[in-house]
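here is a sequence together with a model predicted from it:
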Amino acid sequence: MHFVLRSERVLTDGDIRPADIIVTHGMIEEVTEYKSQTIGYDVGSSLVMPGFVDLHSDAVEKEIEPRPGAHFPINSALVELDKKLAMSGITTMCHAVGFNDAALTGYRATETAAQVIRMIHETNGEQLSVDNLVHARFEITSFESIETIKKLIDEQCIHLLSIMDHTPGQGQFKSIETWKKFHLPVYEISETDADEIIRAKQRGKERSFAVVQDLLNYGLDHKLILLSHDDDTRQKINFVKELGVTISEFPLDIDVAGYAKSNNIATGMGAPNVVRGQSQSGNVSARELIQENVCDFLCSDYHPSSMLQAPYVIHKEMNLPLNQCFDMVTSNPAQLTGMSDRGELAAGRIADIIVVEDQLVPKVILTLKEGTAVYNGSGCLCGEQ
């Protein structure tokens, strides 16, 4: 298939300018002079940009279980979420599937997480329209899941691997009270059970260091990108760097984020944090990190549509160039994870392209995955060129 997509506003080569994009067999053949081609689908002044690359989202969990105890089949949940991703402009999604403590989630939780991951791997490219990849998240005291994760790595089902530590008293939960406030309603546990879980996590902390090192070494041996969560001290940055971590997600303050970057560790925050102006869990505002130039990328975290809204918020409220804002959800995350075939509108890249109408509330009106329309809310690719 060969066609030309034309707009007065195309995000390419670090700028927004009029251009024609030549697409051939799912790839961008060339981004050339505006109206230099004799035929083309003209989207007027709508903004044309690369599809979003989302490195972390647990939206799949809410699609499978939108309310506690209300479960839907995994395969249908994936298909429905895939449609929402296309409508949100996300053409590469890394589903953040967690392996948590059995005391919280039950001993079948590891089996369930593995089932979700295998289903994503099997249906990607067959029933799903965008790239659905896996970001496996390992809670450092989830000892029972180690061998399962290694097996999934062997099966090439995992693309990113991260570690998280939700022990109360550090990281995301600075106190036992904040840990309980989050976990009691989410996991429907009692105060007594919560106290026992906390004691077990604290007892397992010492053992976890050797386990984490072993698992991350396994990931490195299989060429995986390694990430860490909720880093709160310089010492923790030093620790994860020694383990091969190259990305710190959701650092908890500006100093830690800056220290990570000074040690060649990239940093990422949640797009919903930007849109809302604050962290859902009461930690540092992503806007503060962006203002200090210590945030490299944004992820949807739990709200896919924020990937579009966040760059506009940064542009309007922080006065940063719009092209630079969109780099945080396109080229930056792609480059940081070695996905050099996407994230930019340039010759030789996959034709993952979105068209945005942004005169009022910004909305995606067209999403192309490898040159094929997977969402068309405007009809702009219908009919003759």
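Yes, it's here.

show me the beta-bridge partners of residue 31.
Here residue 31 sits in beta bridges with residue 21, going by DSSP bridges.

for it, grab the count of nearby residues.
Look at residue 31: counted by other C-beta atoms under 10 Å, it has 20 neighbours. The C-beta positions use only the backbone N, C-alpha and C, and glycine is treated the same way.

next one: phi and psi at residue 159?
Torsion angles at residue 159 (phi, psi; degrees, to the nearest 10) stand at phi -110, psi -30.

that one contacts residue 224, doesn't it?
Yes: assessed by C-beta atoms under 8 Å, residue 159 is found in contact with residue 224 at 7.2 Å.

show me the domain layout of this protein.
1-50+343-385, 52-339 (automatic domain parsing).

turn the ones you listed into TSV, columns for mean pLDDT.
Written out in TSV, the entries for those read as follows (pLDDT from 0 to 100):
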stretch	mean pLDDT
domain 1-50+343-385	93
domain 52-339	88
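
now residue 258, nearest residue through space, not along the chain?
residue 294 (4.8 Å; C-beta to C-beta, 6 or more residues apart in numbering).

in terms of helices and strands, where is residue 117?
Residue 117 is located in helix 109-123, with elements delineated by DSSP states H and E.

dump that helix to PDB, restricted to CA.
Extracted C-alpha coordinates of helix 109-123, given in PDB (Å, rounded to 0.1, in the frame of the first residue of the first chain):
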ATOM      1  CA  ALA A 109      -1.900 -14.400  41.600                       C
ATOM      2  CA  THR A 110       1.500 -15.400  40.100                       C
ATOM      3  CA  GLU A 111      -0.300 -17.900  37.900                       C
ATOM      4  CA  THR A 112      -2.900 -15.300  36.900                       C
ATOM      5  CA  ALA A 113      -0.200 -12.700  36.000                       C
ATOM      6  CA  ALA A 114       1.600 -15.300  33.900                       C
ATOM      7  CA  GLN A 115      -1.700 -16.100  32.200                       C
ATOM      8  CA  VAL A 116      -2.300 -12.500  31.300                       C
ATOM      9  CA  ILE A 117       1.200 -12.100  30.000                       C
ATOM     10  CA  ARG A 118       1.000 -15.200  27.800                       C
ATOM     11  CA  MET A 119      -2.400 -14.000  26.500                       C
ATOM     12  CA  ILE A 120      -1.000 -10.600  25.600                       C
ATOM     13  CA  HIS A 121       1.900 -12.300  23.800                       C
ATOM     14  CA  GLU A 122      -0.300 -14.700  21.900                       C
ATOM     15  CA  THR A 123      -3.000 -12.200  20.800                       C
END
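
so which bits of stretch 341-353 are buried?
Neighbour counts over stretch 341-353 (16 or more other C-beta atoms under 10 Å) mark 342, 343, 344, 345, 349, 350, 351, 352, 353 as buried.

how many residues are close by residue 249?
By other C-beta under 10 Å, 25 other residues sit near residue 249.

can you show me the helices along the stretch 51-200 of the chain?
For the stretch 51-200 of the chain, the helices defined by DSSP state H, counting those that start in this stretch occupy 59-64, 74-88, 102-105, 109-123, 146-154, 176-187, 191-221.

could you check the angle helix 146-154 makes with the fourth one?
Which is helix 109-123. Relative orientation of helix 109-123 and helix 146-154, computed by axes from the mean of the first three to the mean of the last three C-alpha atoms, to 10 degrees: 10 degrees.

surely residue 133 and residue 156 touch.
No: if you go by C-beta under 8 Å, residue 133 and residue 156 don't touch, sitting 10.9 Å apart.

more crowded one of those two?
Shown here are residue 133 and residue 156; by other C-beta under 10 Å, residue 133 has more neighbours (21 against 10).

ok, the more buried one to residue 255 distance?
In this structure, residue 133 and residue 255 are 32 Å apart, going by C-beta to C-beta, to the nearest Å.

before we move on, what about residue 240?
16 Å.

quick one: which of those two has more around it?
Shown here are residue 240 and residue 255; by other C-beta under 10 Å, residue 240 has more neighbours (25 against 15).

surely that one is in a strand?
No: applying DSSP: H, G, I helix; E, B strand; the rest coil, one finds residue 240 to be helix, outside a strand.

mind listing what it touches?
Neighbouring residues of residue 240 by C-beta atoms under 8 Å, 6 or more residues apart in numbering: 163, 226, 228, 231, 248, 265.

I'd assumed residue 237 was in contact with the last one.
Yes: shown here, residue 265 and residue 237 form a contact pair, counting by C-beta under 8 Å, at 6.5 Å.

anything in contact with each of the two?
Here residue 265 and residue 237 have residue 248 as joint contacts, going by C-beta under 8 Å, 6+ apart.

number of nearby residues for the closest residue to residue 358 other than its chain neighbours?
With sequence-adjacent residues excluded and distances taken as C-beta to C-beta, 6+ apart, residue 358 is closest to residue 47, at 5.8 Å. Counted with other C-beta under 10 Å, the neighbours of residue 47 add up to 20.

distance of residue 47 from residue 135?
Residue 47 is 28 Å from residue 135, by C-beta to C-beta.

in the helix or strand hosting residue 308, what counts as buried?
Per DSSP H and E: residue 308 is located in helix 306-318. Using 16+ other C-beta under 10 Å as the test for burial, helix 306-318 gives 306, 307, 308, 309, 310, 311, 312, 313, 314, 315.
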